[in-house]
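Student: Need the 3D shape of this:
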Amino acid sequence: MNLACCTWALTGPDRAVLNQIADLGCRWIDIQPGHFTATDSLAAIAELGLGVSCMSLGFGIPTNATLDSADEAVRARAVQAALAGIDRGAALGAPTAYIIPGMDSSEDGLARYADSLVQMAHRATELGIRLGIEHFPGKALPTIAATLDFIAHVGEPNLHLLLDVGHAQMTNEAIPAAIRRAGDRLCYVHLDDNDGVGDLHWALLDGVMTEQTLVDTFSTLREVGYGGNISLEISPNLADPLDGVQRSWAITERIFTLCD
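Tutor: Numbers count the residues shown, from 1 in each chain. Model (predicted):
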């Protein structure tokens, strides 16, 4: 397991953002498909010794296109955008990419979403990338349990779970049990905190999260032999996002080491 950081927590020139993340001692980053495309930005990633850990595909899909749309042409646009994100992730060496659920929780809506995901999973498999679905409160797959049930129902070998600890807090799901149930279907972990109600992506321990939450999470990940990365996903809308990232990194690194 390695610790990573979602780059969208910070704003500013690419080099400044990358420097701030590297200064933490972080060597793995999550990026969005449209970020760090300039030649000098890619050079900075290499110079700082950063590896791309995960590609967040949802940020690359146009707002007027969805993977569960009843309009086939609209759905095709969303799929093509997601495939482009997978291609970019592969070009940057990312081992993982993930997508969030749509809004249509009907049987037909989930079937259309599944069809889109299978197309994406096949491309990801060709490129050596694991494709994850992030459970997301308020969307068609709001819980870890529902997401794992959906993955089992679809039956595609390259569909996995991205577990978001903050989202689990909102749905009152026990994280160790979820990790054990996911088993080798777990491909990535996001760390963030909140008040147990809103998807706020606060700095760690600023909300309902406790140190024991992190101890239990890391210990269980080690228990099941998880080999993916664990990434901080802090909101860029905090009063001081850099402070939130720095404090969260220090907390994560300390407890991660204790659980080693």
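
Student: pLDDT weak spots in the chain?
Tutor: Counting by pLDDT under 70, the chain shows no low-confidence range.

Student: now the strands for it?
Tutor: Using DSSP state E, the strands of the chain run over residues 2-6, 28-31, 51-56, 96-99, 130-134, 159-164, 186-191, 229-232.

Student: Dump the C-alpha coordinates for the last one into PDB.
Tutor: As requested, the backbone C-alpha atoms of strand 229-232 are provided in PDB (Å, rounded to 0.1, in the frame of the first residue of the first chain):
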ATOM      1  CA  ASN A 229      -3.300   2.900  -2.900                       C
ATOM      2  CA  ILE A 230      -4.900   5.000  -0.200                       C
ATOM      3  CA  SER A 231      -5.600   8.600  -1.300                       C
ATOM      4  CA  LEU A 232      -6.500  11.800   0.500                       C
END
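
Student: That strand packs against which elements?
Tutor: strand 2-6, strand 28-31, strand 51-56, strand 186-191, helix 241-258 (3 or more Cβ pairs under 8 Å, 6 or more residues apart in numbering; DSSP states H and E). No exception for glycine: its C-beta is placed from N, CA and C like everyone else's.

Student: Swap in 7 Å and give it another go.
Tutor: strand 2-6, strand 51-56, strand 186-191, helix 241-258 (3 or more Cβ pairs under 7 Å, 6 or more residues apart in numbering; DSSP states H and E).

Student: Which one of these lies nearest to His167?
Tutor: With Cβ to Cβ as the measure, strand 186-191 is the member of the helices and strands packed on strand 229-232 nearest His167 (8.0 Å).

Student: May I have the strands that pair with that closest one, each with its orientation?
Tutor: strand 159-164 (parallel), strand 229-232 (parallel) (DSSP bridges).

Student: would you list the helices and strands packed on strand 229-232 in CSV and tack on distance to Arg27?
Tutor: Formatted as CSV, those follow (distance: least, Cβ to Cβ, whole Å):
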stretch, distance to Arg27
strand 2-6, 7
strand 51-56, 6
strand 186-191, 16
helix 241-258, 12
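
Student: still on that earlier bit, make JSON lines from the strands of the chain and add mean neighbour count and distance to Asp71 to it.
Tutor: JSON lines is the format used below for these (neighbours: other Cβ atoms under 10 Å; distance: least, Cβ to Cβ, whole Å):
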{"stretch": "strand 2-6", "mean neighbour count": "23", "distance to Asp71": "31"}
{"stretch": "strand 28-31", "mean neighbour count": "24", "distance to Asp71": "29"}
{"stretch": "strand 51-56", "mean neighbour count": "25", "distance to Asp71": "24"}
{"stretch": "strand 96-99", "mean neighbour count": "26", "distance to Asp71": "19"}
{"stretch": "strand 130-134", "mean neighbour count": "24", "distance to Asp71": "22"}
{"stretch": "strand 159-164", "mean neighbour count": "26", "distance to Asp71": "24"}
{"stretch": "strand 186-191", "mean neighbour count": "25", "distance to Asp71": "30"}
{"stretch": "strand 229-232", "mean neighbour count": "24", "distance to Asp71": "34"}
